[in-house]
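# Give me a model of this one.
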Amino acid sequence: MPIVDPLKRSIAQRKRLYMKICRSCGARNAPTAVKCRNCRSRNLRWKKREKTR
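Residues are numbered from 1 along each chain as shown. Purely as a prediction, here's the structure:
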C-alpha cells in the first residue's frame, strides 16, 4: 500500500534511509550516533542510498 501523503512519505524515508551502519558488526544506528550501540565501535558509515530521479 503506497503512502500518498507527502509529509508521511518524507518521514518514512528519513526513518528507513538515514541511518548509520557499523562497519564492524553491521548494526543499524541512529543518524546522530557517534559509537555503535552494539559493539561500541566508532567505525560508522552512512547507509548507502540511490539517487532519486
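# Look up how far Val34 lies from the spatially most central residue of the chain.
Nearest to the geometric centre of the chain sits Met19, at 1.8 Å (C-alpha atoms, centre = their mean). To Val34, Met19 is 14 Å away according to C-beta to C-beta, to the nearest Å. Placement of C-beta: from N, CA and C, glycine included.
# Might you report the residue contacts of Pro31?
18-20 (C-beta atoms under 8 Å, 6 or more residues apart in numbering).
# re earlier: what's the separation between the residue nearest to the centre of the chain and Ser10?
To Ser10, Met19 is 15 Å away according to C-beta to C-beta.
# How about the secondary structure of Arg40?
At Arg40 the chain is in coil, as set by DSSP: H, G, I helix; E, B strand; the rest coil.
# and if you look at Arg49?
Arg49 ends up coil, using three-state DSSP.
# Could you report the neighbour count for the nearest residue to it once chain neighbours are set aside?
Setting aside the residues directly before and after it, Arg49 is nearest to Leu17 in space (C-beta to C-beta, 6 or more residues apart in numbering), at 5.1 Å. By the criterion of other C-beta atoms under 10 Å, Leu17 has 13 neighbours.
# Which pLDDT value does the model give Leu17?
What the model reports for Leu17 is a pLDDT of 92.
# try Thr52
For Thr52, the pLDDT comes out at 64.
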